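Undergrad: The following block contains a protein sequence and its predicted model.
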Amino acid sequence: MKLDKDGIGTTRLDDLRDGTGIVRLVAITASLRRQGHGRVLDTMVEDYAREIGLTRLLVSAASEAEGFYSRASRATTSG
């Protein structure tokens, strides 16, 4: 993801070929966190997943990111 031509965020989407995708390695530049860029990246990934026919998304995330996903109304599991 870019802001004013500078890379500020990245993620990886793995297609399991069964309608499921796994979002991994989500990152936003530290100085730009908590400004809504993560939500934008999340929406971009969801839109792309729909475009390629994925109907279910799982997220592999660090435990400190659980707050972000729970605020986005995502179910979280540990372990």
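TA: Structure received. Numbering: from 1, shown residues only.
Undergrad: contacting residues for Leu41?
TA: By C-beta atoms under 8 Å, 6 or more residues apart in numbering, the contact list for Leu41 reads Met1, Gly9, Thr11, Val26, Ile28. (C-beta placed from N, C-alpha, C; glycine too.)
Undergrad: can you give me phi and psi for it?
TA: In terms of degrees, to the nearest 10, the main-chain angles of Leu41 are phi -60, psi -40.
Undergrad: Farthest-apart pair in the contacts of Leu41, please.
TA: Met1 and Val26 (10.3 Å; C-beta to C-beta).
Undergrad: anything in contact with each of the two?
TA: Gly9, Thr10, Leu41.
Undergrad: Save those residues as CSV, and put in pLDDT too.
TA: Below are the shared contacts of Met1 and Val26 laid out as CSV (pLDDT from 0 to 100):
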residue, pLDDT
Gly9, 95
Thr10, 95
Leu41, 94
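Undergrad: ok, these vs Val59, which is closest?
TA: Scanning the shared contacts of Met1 and Val26 for proximity to Val59, where the rule is C-beta to C-beta, the winner is Leu41, at 11.9 Å.
Undergrad: Distance from the chain centre to whichever strand in the chain runs longest, please.
TA: Counting residues, the longest strand found in the chain (DSSP state E) is strand 20-28. Its chain's C-alpha centre and that of strand 20-28 lie 5 Å apart, by C-alpha atoms, centre = their mean, to the nearest Å.
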